[in-house]
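Trainee: no letters, just coordinates:
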DNA sequence: CGGCGACTTGAATACTATCAACGTCGGTGG
DNA sequence: CCACCGACGTTGATAGTATTCAAGTCGCCG
């Protein structure tokens, strides 16, 4: 099935059984044809962690695997053997709850690490699905552990990455419990834009790779609410929406968009404001202080 | 201030500066008076991870610090130097969001590990506050790292613990976005009960150490909703409530309590159930399928 | 005793979910 | 080629849940 230079996901079972421990090789030839293999340095660069200084770069080679949109990288309950690093493409990480509903946890893209959740029980707690064609680097956990014993910095970096994930999830928890639907969607868009920017794509105009339903699951909203909110932002001139094409027009307003003041509602005078702003405040789409400090505007 | 055998939190600054790297000592004397010091084995036991088999148990000693209710173990932005392990007492871990509101992330108790979130940026991302008097074991991260280099199993265990935390937070995310207020509170109570059980306390009758406001923050609800829900459970005979004294009467119903079916109601057979259950169904407190298969009731 | 923080309870409101109808796009097969 | 279909998306009407605002109670501490 794997016709030429590209390892296909359908070959993965064979790979897992026979090549799950890529052996050292001084032949650089393995890396010549396309992106079939990466060395430790490549992997560290991708993860944005410092690569071990004294590494020859040839300690180990890591295999790339291609997945087509819709394919699963790992599934819930599957025995944990590998970590996965996204080299290209877009995916979703989902949890299936006790009633069979899927909960989207994240939308990994280039440079993101998958599979950490399997370390604890030695089985994956979540599943990862390709939303577009993907190129994934397969990092056998045993290999990685062994390298960690050799290079202390690598081990340290791994702790750091896991700590970062932890903090990211904490932010997610905070956002889920405190923000309004509008604020959630607004942040989702700006965050996505920022991530695209960091990858060298446009952070202002981009394509959503996921459905409204998946966005809703990720944000704790229904797909209708997501759709309505996008439409509202569009009407207000904050963004443009054309199916999955998003254009960010007013990033600042999006970023500061907030819930209707969960704290002290200081009922104060509303002053004359620009059309747009008053429209926003009227719809409770801007922070409360736009009301409080109204005199400062205009 | 530290009068006798007990190290007080107010002495902590001095400790951090001068004794942040507890030195090896073959004198067991340090551990004689009370719980002032723990060795690696003690720490591993507390965390429920296997202690390195070839460890002498005297590689390092870890200092205990006592905190009084209300004191902070670490604060946001504080330089990350130590991990903390709860030996006794109850705390809350909180995040302060951009508007100054506090978001409760967890309620750590005996055996829980604090401070992991500081590894990434080398500064704590959250803060931990004692809800009761606490005895905390202070584990300098550097010491711990060094031990990890010596004992591979220890390092492995650390990854495992972090992975577990990650999965726990994922469950939290899922719960926050999909469950109803009733279901959230019900799970909160049963989870708390289970944790108490595991510590040897009663899982049926216990004291809440936190305010309704803190519970609400943890669950993404307002304090009023928490209060109302507890009252409702009380009226339904699922629990008893007397201020912060909780008595779990019907653990099973609590555990299966669910939102009013967001998904497709899968018609299944229901076994005969008690009065209590039909009361619950009447108030939409039990899964939708309890209604769908109503003929099966009575 | 006074006062404050925590808690409870009620009433009204606001927000989001739910239900339903319809529109669009892309693929497939007659 | 076109008709049909299914998945996805939009929009409206309605319902329901949780928040907000507002008293008022309780317990504790100075």
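Mentor: Arrived safely. Being a predicted model, the structure only gives us computed values, none of them experimental.
Trainee: tell me if the longest helix seen in chain A is near chain B.
Mentor: Determined from DSSP state H, the single longest helix within chain A is helix A:152-178. Yes - for helix A:152-178, a contact with chain B is found by CB under 8 Å from any CB of the partner chain, at A:152, A:155-156, A:158-167, A:169-174, A:176-178. For the C-beta atoms, the positions are set from N, CA and C on the backbone; glycine is no exception.
Trainee: distance between that helix and the chain's centre?
Mentor: 13 Å (CA atoms, centre = their mean, to the nearest Å).
Trainee: need the buried ones from the residues of helix A:152-178 next to chain B selected in ChimeraX.
Mentor: Entered in ChimeraX, the line below selects the buried ones among the residues of helix A:152-178 next to chain B, by 16 or more other CB atoms under 10 Å in any protein chain shown:
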select /A:155,156,158,159,160,161,162,163,164,165,166,167,169,170,171,172,173,174,176,177,178
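Trainee: for residue A:231, which non-adjacent residue is spatially closest?
Mentor: Excluding the flanking residues, the one nearest residue A:231 by CB to CB, 6 or more residues apart in numbering or on different chains is residue A:241, at 6.9 Å.
Trainee: also residue A:193?
Mentor: residue A:203 (3.8 Å).
Trainee: and for residue A:174?
Mentor: What sits nearest to residue A:174 in space, not counting adjacent residues and going by CB to CB, 6+ apart, is residue B:103, at 4.2 Å.
Trainee: residues contacting the one you found?
Mentor: A:173-174, A:177-178, B:94-97, B:217 (CB atoms under 8 Å, 6 or more residues apart in numbering or on different chains).
Trainee: go again using 10 Å as the cut-off
Mentor: A:170-171, A:173-178, B:93-97, B:126, B:217-218, B:220 (CB atoms under 10 Å, 6 or more residues apart in numbering or on different chains).
Trainee: what is the burial count for residue A:247?
Mentor: Neighbour count of residue A:247, defined by other CB atoms under 10 Å in any protein chain shown: 15.
Trainee: what secondary structure does it sit in?
Mentor: strand (DSSP: H, G, I helix; E, B strand; the rest coil).
Trainee: what number of residues lie near the closest residue to it other than its chain neighbours?
Mentor: Taking CB to CB, 6+ apart, and ignoring the residues beside it in sequence, residue A:247 has residue A:240 as its nearest neighbour in space, at 3.8 Å. Using other CB under 10 Å, residue A:240 has 14 other residues around it.
Trainee: okay, residue A:240 and residue A:232: tell me how far apart.
Mentor: 13 Å (CB to CB, to the nearest Å).
Trainee: also residue A:122?
Mentor: From residue A:122 across to residue A:232, the span is 46 Å (CB to CB).
Trainee: for the stretch 51-200 of chain A, which segments count as strands?
Mentor: Here the stretch 51-200 of chain A has its strands, by DSSP state E, counting those that start in this stretch, at A:61-67, A:72-74, A:82-88, A:91-96, A:102-106, A:113-114, A:127-130, A:134-140.
Trainee: can you put those strands in TSV and add distance to DNA strand D and mean pLDDT?
Mentor: As requested, the strands of the stretch 51-200 of chain A are exported to TSV (distance: least, CB to the nearest atom of the strand, whole Å; pLDDT from 0 to 100):
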stretch	distance to DNA strand D	mean pLDDT
strand A:61-67	17	95
strand A:72-74	15	97
strand A:82-88	21	98
strand A:91-96	12	97
strand A:102-106	12	97
strand A:113-114	21	98
strand A:127-130	11	97
strand A:134-140	17	97
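Trainee: out of the ones you listed, flag the one nearest residue A:196.
Mentor: Closest to residue A:196 of these, according to CB to CB: strand A:82-88, at 13.3 Å.
Trainee: what strands flank that closest one, and is each parallel or antiparallel?
Mentor: Looking at strand A:82-88 with DSSP bridges, its partner strands are strand A:113-114 (antiparallel), strand A:134-140 (antiparallel).
Trainee: re earlier: what's in contact with the helix or strand containing the residue nearest to residue A:247?
Mentor: If you go by DSSP states H and E, residue A:240 is part of strand A:239-242. Outside strand A:239-242, the residues within contact range by CB under 10 Å, 6+ apart are A:185-186, A:189, A:193, A:204-205, A:208, A:227, A:230-235, A:246-251, A:253-254.
Trainee: quick one, helices of chain A?
Mentor: A:12-18, A:40-47, A:141-150, A:152-178, A:181-198, A:212-219, A:223-235, A:251-256, A:275-282, A:289-292.
Trainee: tell me the contacts of residue A:94?
Mentor: Listed by CB under 10 Å, 6+ apart, the contact partners of residue A:94 are A:72, A:76, A:101-106, A:126-129, A:214, A:217-218, B:174.
Trainee: sorry, wrong one. I was asking about residue A:165.
Mentor: So residue A:165 contacts A:106, A:112-113, A:116-117, B:120, B:162-163, B:165-166, B:169 (CB under 10 Å, 6+ apart).
Trainee: I'd like these as TSV, with distance to residue B:82 appended.
Mentor: Compiled in TSV, the contacts of residue A:165 are given as follows (distance: CB to CB, whole Å):
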residue	distance to residue B:82
A:106	29
A:112	29
A:113	26
A:116	23
A:117	26
B:120	15
B:162	16
B:163	21
B:165	17
B:166	21
B:169	21
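Trainee: so which of the residues you listed is the closest to DNA strand C?
Mentor: residue A:106 (18.9 Å; CB to the nearest atom of the strand).
Trainee: right, and the closest one touches residue A:218 too?
Mentor: Yes - at 7.6 Å, residue A:106 counts as touching residue A:218 under the criterion of CB atoms under 10 Å.
Trainee: more neighbours: the two, which one.
Mentor: The neighbour comparison of residue A:106 against residue A:218 (other CB under 10 Å) goes to residue A:218, with 24 against 20.
Trainee: I figured that one hits residue A:187, correct?
Mentor: No - using CB under 10 Å, residue A:218 makes no contact with residue A:187, being 11.1 Å away.
Trainee: circling back to that earlier point, pick out the most distant pair among the contacts of residue A:165.
Mentor: Within the contacts of residue A:165 (distances taken as CB to CB), the two that end up farthest apart are A:112 and B:165, at 18.6 Å.
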